[in-house]
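**Q** Please work out how this folds:
(chains A and B)
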2 protein chains.
Amino acid sequence: MDDKIKKQVLRRLDYGLYIATAASGQHTVATTVTWVSQVSFEPPLIMVAMRNEGHTLEVCRKAGAFALHVIGEHQKDMAAAFFKAPVVEGNTLSGYVFEPGDITRAPILEDPPAWIEAMVEDSFPVGDHTIIIGRVVGAGLRDPDVSPLTLSDTSWHYGG
Amino acid sequence: MDDKIKKQVLRRLDYGLYIATAASGQHTVATTVTWVSQVSFEPPLIMVAMRNEGHTLEVCRKAGAFALHVIGEHQKDMAAAFFKAPVVEGNTLSGYVFEPGDITRAPILEDPPAWIEAMVEDSFPVGDHTIIIGRVVGAGLRDPDVSPLTLSDTSWHYGG
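**A** Residues are numbered from 1 along each chain as shown, chains lettered A, B, ... in the order given. Sure, this is the predicted structure:
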């Protein structure tokens, strides 16, 4: 296999940009993720593939729950803000206002147009990432007219 | 949870359109799929969530391998053609020419701009679908200039 071709092809898979958040004890995490998909209709399940060594995976597991936010096409700055660990100050994460989710207590950010609350149902280690399976237990839609930001709208890559 | 809101939000997740193929003995399958993501860099792994009752899942498992094709933005007709089981005639699947993949023997369609060959590494049942994990063992790129077809380019939905 030609590694350059492999990378080029894998980068042609299509992804949205999302912010995953979770809170457990003193630990609050928020990270921009792209390897996300619904994986079942009934029950409604989603998956997020998270880096094995990442703090986000650990806190999601401890919390047994997470939230996933859709990022709007005009919110590229917010996506970039959560490439690194958030600064938690009062009810803000790196300056973005949140409140704890009704069901999961995961931070629900105020700015994204839509979000999901999910309970961790299972997890599967796969190579350098772990697939977290979340059962959708809550959902909110603030702005039905916003189109989601996709990786191809940006110059960023996560794949290859 | 408001089921209508849940559906609206889940339909805001972003997906590409792909054709998964596999061949085992007398059985050849090809189906349009959307719940697809890379899930590991090293080793390079991808996941496809397939309906539990589908013939595609069964044949992928028996074959221990599958191919995944990126559909070009101009190839909506091809995506629609593989919503139903393919008609296999000679070296065509529902009229689209293929040849067996070098490594996986899965049908490689001639028209898509890019494809991946993958060996089934693992599978996890999740609700009404099963996540198939494939190790990327081959990749081909026929047309680097074609943009991939995404679900939001169409009026179709697979999510909610």
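
**Q** burial measure for A:Pro43, as a count.
**A** A:Pro43 sits with 12 neighbouring residues when counted by other C-beta atoms under 10 Å in any protein chain shown. The C-beta positions use only the backbone N, C-alpha and C, and glycine is treated the same way.

**Q** Over to the one 5 residues further on?
**A** Here the neighbour count serves as a burial measure; for A:Val48 (other C-beta under 10 Å) it reads 27.

**Q** so where does the most centrally placed residue in chain A fall, helix or strand?
**A** The residue lying closest to the centre of chain A (C-alpha atoms, centre = their mean) is A:Ala20, at 2.9 Å. Using DSSP states H and E, A:Ala20 sits in strand A:18-24.

**Q** Is the residue nearest to the centre of chain A bridged to anything, and to what?
**A** A:Thr31, A:Leu68 (DSSP bridges).

**Q** Tell me how far it lies from chain B.
**A** Distance, A:Ala20 to chain B, using C-beta to the nearest C-beta, to the nearest Å: 13 Å.

**Q** so that residue makes contact with A:Ile71?
**A** No: counting by C-beta atoms under 8 Å, A:Ala20 does not reach A:Ile71; the two are 11.2 Å apart.

**Q** can you pull the contacts of A:Leu109?
**A** Residues in contact with A:Leu109 (C-beta atoms under 8 Å, 6 or more residues apart in numbering or on different chains) are A:19, A:21, A:30, A:69, A:78, A:93, A:96-98, A:115.

**Q** Give me the buried entries from the residues you listed.
**A** Among the contacts of A:Leu109, those buried by neighbour count (16 or more other C-beta atoms under 10 Å in any protein chain shown) are A:19, A:21, A:30, A:69, A:78, A:93, A:96, A:98, A:115.

**Q** Skipping adjacent residues, who's closest to the fourth one in space?
**A** Beyond its immediate neighbours in the sequence, the residue positioned closest to A:His69 (C-beta to C-beta, 6 or more residues apart in numbering or on different chains) is A:Pro112, lying 3.8 Å away.

**Q** My guess is that neighbour contacts A:His74. True?
**A** No: look at A:Pro112 against A:His74 with C-beta under 8 Å: they stay out of range, at 11.1 Å.

**Q** Neighbour count for those two, which is higher?
**A** A:Pro112 (25 against 11).

**Q** The more buried one and chain B, how far apart?
**A** Using C-beta to the nearest C-beta, we find A:Pro112 at a distance of 10 Å from chain B.

**Q** residues contacting A:Gln8?
**A** Per C-beta under 8 Å, 6+ apart, neighbours of A:Gln8: A:160, B:114, B:139, B:141, B:144.

**Q** any low-confidence regions in chain A?
**A** Within chain A, no stretch has pLDDT under 70.

**Q** need the helices for it, in chain order.
**A** Assigned by DSSP state H, the helices in chain A fall at A:3-10, A:55-63, A:76-81.

**Q** residues in contact with the second one?
**A** When contacts are defined by C-beta under 8 Å, 6+ apart, helix A:55-63 is touched by residues A:20, A:22-25, A:27-31, A:50-51, A:66, A:85, A:104-106, A:120, A:123, A:130, A:132.

**Q** That helix: how far from the chain's middle?
**A** Distance, stretch centre to chain centre, for helix A:55-63: 12 Å (C-alpha atoms, centre = their mean, to the nearest Å).

**Q** same thing with the last one?
**A** Helix A:76-81 has its C-alpha centroid displaced from the chain centroid by 13 Å (C-alpha atoms, centre = their mean).

**Q** Convert that helix to CSV, retaining C-alpha atoms only.
**A** In CSV, the C-alpha atoms belonging to helix A:76-81 read as follows (Å, rounded to 0.1, in the frame of the first residue of the first chain):
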residue,chain,number,x,y,z
LYS,A,76,-14.8,28.1,13.3
ASP,A,77,-13.1,30.1,16.1
MET,A,78,-15.0,28.1,18.7
ALA,A,79,-13.9,24.8,17.1
ALA,A,80,-10.3,26.1,17.2
ALA,A,81,-10.6,27.2,20.8
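
**Q** Pull out the buried positions in it.
**A** A:78-79, A:81.

**Q** got a list of what A:Thr32 touches?
**A** Counting by C-beta under 8 Å, 6+ apart, A:Thr32 makes contact with A:17-19, A:71, A:79-80, A:82-83.
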